[in-house]
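> Whatever this is, show me its structure:
(2 chains)
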Amino acid sequence: MNKSADIALTLPDGSVRTYPGPVTGSTLASDIGPGLAKAAIVIMVNGEQWDLSRAIEQNSDVAIITNRDDDALEILRHDAAHILAEAVQELFPEVQVTIGPAIDNGFYYDFARPTPFTTDDLVIIEQRMVEIIERDEDIIRSEMDRDAAVKFFQDMGEAYKAELIAAIPEGQAITLYRQGDFIDLCRGPHLPSTGRLGKDCFKLMKVAGAYWRGDSNNEMLQRIYGTAWRTKKELKAYLTRLEEAEKRDHRKLGIQMKLFHFQEEAAGMPFWHPNGWTIYQQIETYMRRKQKQYGYQEINTPQMVDRVLWEKSGHADKFNEHMFTVESDNRTYALKPMNCPCHVQVFNRGIVSYRDLPLRLAEFGSCHRYEPSGALHGLMRVRSFVQDDAHIFCSEDQITDECITFCKMLLEVYKDFGFEDVKVKFSDRPEIRAGNDDVWDKAEAALIAAVNSSGLDYSLNPGEGAFYGPKLEFVLTDAIGRDWQCGTFQVDYVLPERLDAHYIGTDNDKHRPVMLHRAILGSFERFIGILIEEHAGRFPMWLAPTQVVVTGITSEQDDYVRSVYEQLTTQGLRAEMDLRSEKINYKVREHSHAKTPAIFVVGAREEKENTVTVRRLGSKQQQTLDLTDAISNLTLESLAPDQR
RNA sequence: GCCGCUGUAGCUCAGUGGUAGAGCGCGUCAUUGGUAAUGACGAGGUCGGAAGUUCAAUUCUUCCCAGCGGCACCA
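Okay, here's the model as predicted:
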């Protein structure tokens, strides 16, 4: 039996529907049921997303994607971008459109326009988008030859679109999508019509500048960001989430909790206040213990060294713009932007035998980098910072073991600070780099082998390595969902060569060590910033600037409050006492707002019985304990995780 | 660095072409109250900096600085 004209569509459940000729996704969906027809967004045809209106002409495996599928959101957002572009072109005909993809949580569209959009414009544009959704315009797919498409867009005055299409290989068919009078180059797929985006499920968020094709040599376009969701409820939930995240912003909490501040005279360089510095010191002490445990030796090197050293190391070439310099003694000194060259100097002063390797030199190294003004961001991106830096000098065959041990140490540290979710990226050779390809081949292969044996999942980050070697990046996420690189592990064959490091091998000959650059926190500043957001300012006991406040119900208990306070501080606890003649409600409220983890309240009863009533942050429950028990409980809880 | 927005008391913010106001915080006094705000009084500001327009600028204009949102950058 030959029924070749028939088209058989196999659904995910294995059932087959047969049609006498080409059939569209919409037809299929309607045949299955009206509910599905309404919910359908696109159709998967042999693993590819197709528009519902596109005719399927061959036997295929198909699956209808509805707005419940995850893929649907991306399509929805992409549609929202097109509707945005249509609205802008209607309102501002002189504007040229460029690109507008879906992104996490929403979409954007880049426009070329001599004058930027204002926030008032956004309101008007948003209204027009609602109108376009209400018009429920069909979104129609069509194909065009590349050269015809270039001409088509040129004639329309859309130079950017024409440029994009011209970059597509010749002879390839271009897909275009039309909705109303708006027509755009687009891979698709799209929803069947503009009415499928809920008019109360999206919101324009902000305007921003963005370079054409992401290149800072190009002109700046006007980008409009928006968010879009399946339902109004989802949109609202997202906006609420944003608000909540803003409350955790380390810059806000840093001021509220008196942790640190910045000021004009030292842009990007934090002033640490007692509270913030207490946290910093706890972390430093912890890291010092941890490094000792893992066989590191701590050193300290100068804040600035003669430019000559940076020229030898290659930093002057690759890093010049980012170094602060000081003229003195007829020399040019550069504030160190990294510690590595200094560490090599320390290595070079010892006659090191292969028996001494791996040699692990650690420094809480204070660095300065001239970061572009626009890059500064609270504690996350600063111009002066301290790295928990270390360099492991080792032989080639020790790289793998060192990497595995390092990953273990890093995960332990992150866990102790409450971070279980760590992204790992592998970055290979960048375009501008030192060292020849053989060296890079070797370094990349060694690092890949090492990360594989440490069993971590990682993603590839092509071309993002350091100029001297490939690296692993360990990334944590802040409250607003921005990723920040903290830890790093870099294999470096180049610097030992440039700075002439060597050790004596078993053969009594000189050998070049490999240098492994590594950091776990990255910078104390950034790490603390992330820590603040992670805990929303409610630090665990071992990190909290003030661990406990002692206060009395009335001033009758002042002497007892003093005595409790003395005993707490004698135990090494970070205690405060509050002897103000305020009501207990007021004092509890204030210390709760200050995010102090424990409050010891004492009244006449407690004084008589030598007890304290403990109130813990986040709980309304009170617990009266013997003073000695309360103190020993707190002492135990105050231990760092590695000391418990 | 680029585009846009913002910059007023310690903090959060209102306001005006005729040299400023609130709440919290701070100080003093009163109050001694059992777990998220007791009351009264008081101190505190060259309105980010410089120039210009004006009889008069915190307010309008220009430049600079810093912060915020993006972009680029993050060795």
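
> Write down the beta-bridge partners of the residue nearest the centre of chain A, one by one.
When CA atoms, centre = their mean is applied to chain A, the residue found nearest the centroid is residue A:483 (0.3 Å). With DSSP bridges as the criterion, residue A:483 is bridged to residue A:477.

> what's residue A:316 in contact with, if anything?
Neighbouring residues of residue A:316 by CB atoms under 8 Å, 6 or more residues apart in numbering: A:307, A:310, A:323, A:334. C-beta: built from backbone N, CA, C; applies to glycine.

> Give me the subset of the residues you listed lying in helices.
Using DSSP state H, A:307, A:310 are the members of the contacts of residue A:316 that sit in helices.

> all strands of the stretch 501-644 of chain A, in order?
For the stretch 501-644 of chain A, strands defined by DSSP state E, counting those that start in this stretch occupy the ranges A:503-504, A:510-511, A:514-523, A:548-552, A:575-578, A:598-602, A:611-616, A:622-626.

> how about CSV for the ones you listed, with distance to RNA strand B and mean neighbour count added?
Listed next are the strands of the stretch 501-644 of chain A as CSV, based on distance: least, CB to the nearest atom of the strand, whole Å; neighbours: other CB atoms under 10 Å:
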stretch, distance to RNA strand B, mean neighbour count
strand A:503-504, 24, 19
strand A:510-511, 25, 14
strand A:514-523, 9, 25
strand A:548-552, 7, 25
strand A:575-578, 10, 20
strand A:598-602, 3, 24
strand A:611-616, 3, 20
strand A:622-626, 5, 13
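
> returning to what we had before: which among the contacts of residue A:316 end up buried?
Buried by 16 or more other CB atoms under 10 Å: A:307, A:310, A:323, A:334, out of these.

> Considering only the residues you listed, which also neighbour RNA strand B?
Near RNA strand B, judged by CB under 7 Å from any atom of the strand, the entries from the buried ones among the contacts of residue A:316 are residue A:323.

> Pick the one among the buried ones among the contacts of residue A:316 closest to RNA strand B.
residue A:323 (6.6 Å; CB to the nearest atom of the strand).

> quick one: secondary structure of the closest residue to RNA strand B within chain A?
Proximity of chain A to RNA strand B (CB to the nearest atom of the strand) peaks at residue A:374, 1.7 Å away. For residue A:374, the assignment made with DSSP: H, G, I helix; E, B strand; the rest coil gives helix.

> Then residue A:120?
At residue A:120 the chain is in helix, as set by three-state DSSP.

> For burial, what's the neighbour tally of it?
Neighbour count for residue A:120, taken as other CB atoms under 10 Å: 8.

> Could you check how far it is from residue A:383?
36 Å (CB to CB, to the nearest Å).

> how about the helices in the stretch 351-500 of chain A?
Listed in chain order, the helices found in the stretch 351-500 of chain A under DSSP state H, counting those that start in this stretch are A:399-416, A:437-454, A:494-498.

> among those, which gets the worst mean confidence?
Ranked by mean pLDDT, the helices of the stretch 351-500 of chain A bottom out at helix A:437-454, which scores a mean of 85.

> For residue A:144, which of the strands of the stretch 501-644 of chain A is the nearest?
strand A:514-523 (49.4 Å; CB to CB).

> by how many degrees do the closest one and helix A:399-416 diverge?
Strand A:514-523 runs at 10 degrees relative to helix A:399-416, counting by axes from the mean of the first three to the mean of the last three CA atoms, to 10 degrees.

> Off-centre distance for the longest helix that chain A contains?
Taking DSSP H as the criterion, chain A has its longest helix at helix A:70-91. Distance of helix A:70-91 from its chain centroid, counting by CA atoms, centre = their mean, to the nearest Å, is 26 Å.

> And the next helix or strand past it?
On the C-terminal side of helix A:70-91, the closest following helix or strand by DSSP states H and E is strand A:96-97.

> Give me the sheet partners of whichever helix or strand comes after that next one and which way each runs.
Counting by DSSP H and E, the next helix or strand C-terminal to strand A:96-97 is strand A:102-103. In the sheet containing strand A:102-103, its partner strands are strand A:106-112 (antiparallel), by DSSP bridges.

> Only C-alpha atoms, please: export the strand it pairs with in CSV.
The C-alpha trace of strand A:106-112 is given here as CSV (Å, rounded to 0.1, in the frame of the first residue of the first chain):
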residue,chain,number,x,y,z
GLY,A,106,12.4,39.0,30.2
PHE,A,107,13.5,40.6,27.0
TYR,A,108,15.1,43.7,25.5
TYR,A,109,15.3,45.4,22.2
ASP,A,110,18.0,47.7,21.0
PHE,A,111,17.0,50.8,18.9
ALA,A,112,19.1,53.3,17.0
